[in-house]
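> take this sequence and fold it.
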Amino acid sequence: MTVTTHTPVPQSTHERRPEAESIRPSSTRIRRGGRSLTLIDRIALAVGVALVTWSRRPRIADRRDELERRVHRRMSDEQRETRQLQLMLQCLPPR
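Take a look at the predicted model:
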């Protein structure tokens, strides 16, 4: 008895096609059927980009009084934290 470990490769029933050329990127530009960009198109694009940039700016400018309130709030927060730390340190037993 003979044991074979090699399985035959299935053969195609279709004819073999001739090998096609390998695909290489073209160095020439492909011109599409549309029109080319004109000066007006470029200006319109620049204006559109400027409008989008302008529309994404901060809506409300910081007013001076809001800035003052923020600074005072921050200072009062720091003062309160300092006072709380002093009180905690007074409550600790001596070493």
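> could you list the low-confidence segments of the chain?
The model of the chain has pLDDT under 70 over residues 1-4, 6-10, 12, 14, 16-33, 59, 61-62.
> all helices of it, in order?
39-55, 64-91 (DSSP state H).
> now the ones you listed in TSV, with mean neighbour count and distance to Thr13?
The way it works is simple: take the backbone N, C-alpha and C, and place the C-beta from them, glycine included. Supplementary listing: the helices of the chain in TSV, determined by neighbours: other Cβ atoms under 10 Å; distance: least, Cβ to Cβ, whole Å:
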stretch	mean neighbour count	distance to Thr13
helix 39-55	10	56
helix 64-91	10	82
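> let's have these in a markdown table, adding distance to Gln11.
As requested, the helices of the chain are arranged in a markdown table below (distance: least, Cβ to Cβ, whole Å):
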| stretch | distance to Gln11 |
| --- | --- |
| helix 39-55 | 58 |
| helix 64-91 | 82 |
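> these: which one's closest to Glu15?
helix 39-55 (51.8 Å; Cβ to Cβ).
> from the contact counts, what lies against that closest one?
Packing contacts for helix 39-55, counted by 3 or more Cβ pairs under 8 Å, 6 or more residues apart in numbering; DSSP states H and E, involve no helix or strand.
> ok, residues contacting that helix?
By Cβ atoms under 8 Å, 6 or more residues apart in numbering, the list of residues contacting helix 39-55 from outside is empty.
> from here on, count from 22
All set: I'll call the first residue 22, so the last point we hit is now helix 60-76.
> and it, C-alpha only, in PDB?
Coordinates of the C-alpha atoms in helix 60-76 are reproduced here as PDB (Å, rounded to 0.1, in the frame of the first residue of the first chain):
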ATOM      1  CA  LEU A  60      -9.200  83.700 -11.100                       C
ATOM      2  CA  ILE A  61     -12.800  84.200 -10.000                       C
ATOM      3  CA  ASP A  62     -12.900  80.600  -8.600                       C
ATOM      4  CA  ARG A  63      -9.700  81.100  -6.600                       C
ATOM      5  CA  ILE A  64     -11.000  84.400  -5.200                       C
ATOM      6  CA  ALA A  65     -14.300  82.700  -4.200                       C
ATOM      7  CA  LEU A  66     -12.400  80.000  -2.500                       C
ATOM      8  CA  ALA A  67     -10.200  82.500  -0.600                       C
ATOM      9  CA  VAL A  68     -13.300  84.500   0.500                       C
ATOM     10  CA  GLY A  69     -15.100  81.300   1.600                       C
ATOM     11  CA  VAL A  70     -12.100  80.200   3.700                       C
ATOM     12  CA  ALA A  71     -11.900  83.700   5.300                       C
ATOM     13  CA  LEU A  72     -15.600  83.600   6.100                       C
ATOM     14  CA  VAL A  73     -15.300  80.200   7.800                       C
ATOM     15  CA  THR A  74     -12.300  81.400   9.800                       C
ATOM     16  CA  TRP A  75     -14.100  84.600  10.800                       C
ATOM     17  CA  SER A  76     -17.300  82.700  11.800                       C
END
